[in-house]
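Trainee: sequence first, then the predicted structure:
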Amino acid sequence: MKLLPILMLSLFGYSSFLQAQVDYQEEIQPIFDQNCTSCHGGTSGVTLSNYSAVMNSVGSQYGTNIVVPESPDSSPLVDKIEPNPDFGTRMPQGGALSDEEIQLIRTWIAEGASEIPVSAEQYSNIPKGFEMIGNYPNPFNPTTTVAFITPQQSNFSLKVYNSTGVLVKEISGISSIPRTKVDVVADNMPSGIYFYRVKIELSTNSFYLKTQKMALTK
């Protein structure tokens with residue numbers, strides 16, 4: 001699927017990126033209400049009248065849900081609102097969304113397509129002893145090592161996103177005690193700012209460690 005031309009995020013605002021700051025009800029649903037629900041507001045087919053309908057709508061031509069959380073470029077919804085979609089004509093029919101509206105939808109999906117934004121306070125509820133250390137070296141070329149602390153063995157997934165919220169690399173494994181080190185090799189990635197976060201999965205709980213940024217220079 002196509003990528004929106006890069007709209008670089010402010011480096012000074014990175015701390016809120018990928019922490020589910022986009023509010024679906026306040027920022028995403030109004031876009032659908034103003035531009036899409038006149039055609040897609042029913043009870044069958046692609047329906048964009050509310051969060052549940054959006055998340056359960058399947059694009060018949062694509063054969064998958066129109067929203068794939070954490071993956072804007074795999075989401076038929078994004079493909080249809082960007083130029084030259086894989087199937088049919090660009091939506092909405094009344095006129096294209098603005099670049100800002102498209103980027104907001106992309107960011108919402110990249111954050112996980114949540115209905116309720118995750119506040120920064122929720123990141124303070126990480127269980128005691130779990131901690132993101134960071135990556136070294138930073139800047140790097142082409143390999144950097146991400147380190148984090150886990151007081152007990154747990155499953156983890158490390159996801160790396162580019163500056164537009166596109167997932168570019170994912171590494172999963174089992175943590176070491178007390179410190180886990182994960183090498184990120186960026187041979188095929190262009191220079192730029194990237195963001196990464198680690199999801200910890202315990203038997204009774206799952207949570208994200210603090211999102212960090214890193215710079216690849218070639």
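Mentor: Perfect, thanks for sending it. Here the structure is a predicted model, which is why all the values come from computation and not from measurement.
Trainee: so how far is V68 from D86?
Mentor: When Cβ to Cβ, to the nearest Å is the yardstick, D86 and V68 sit 14 Å from each other. All C-beta atoms are positioned from the backbone trio N, CA, C, and that covers glycine.
Trainee: in terms of neighbours, single out the busier of the two.
Mentor: V68 (16 against 12; other Cβ atoms under 10 Å).
Trainee: that one reaches S74, doesn't it?
Mentor: Yes - checked against Cβ atoms under 8 Å, the pair V68 and S74 is within contact range at 4.3 Å.
Trainee: and the strand ranked longest in the chain, what does it pack onto?
Mentor: Identified as the longest strand of the chain according to DSSP state E is strand 192-201. If you count contacts as 3 or more Cβ pairs under 8 Å, 6 or more residues apart in numbering; DSSP states H and E, strand 192-201 packs onto strand 143-149, strand 155-161, strand 206-208, strand 212-216.
Trainee: could these go into TSV alongside mean neighbour count?
Mentor: Output for those, formatted as TSV (neighbours: other Cβ atoms under 10 Å):
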stretch	mean neighbour count
strand 143-149	18
strand 155-161	19
strand 206-208	16
strand 212-216	19
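Trainee: with distance to S49 added, can I get these in TSV?
Mentor: As requested, those are exported to TSV (distance: least, Cβ to Cβ, whole Å):
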stretch	distance to S49
strand 143-149	41
strand 155-161	29
strand 206-208	30
strand 212-216	36
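Trainee: contacts for stretch 135-155?
Mentor: Residues from elsewhere that reach stretch 135-155, judged by Cβ atoms under 8 Å, 6 or more residues apart in numbering: 128-134, 156, 158, 172-187, 189, 196, 198, 200-202, 209, 212, 214-218.
Trainee: can I get the buried ones among the residues you listed as something I can paste into ChimeraX?
Mentor: Of the contacts of stretch 135-155, the buried ones can be selected in ChimeraX as follows, counting by 16 or more other Cβ atoms under 10 Å:
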select :130,132,133,156,158,175,180,182,184,186,189,196,198,200,209,212,214,215,216
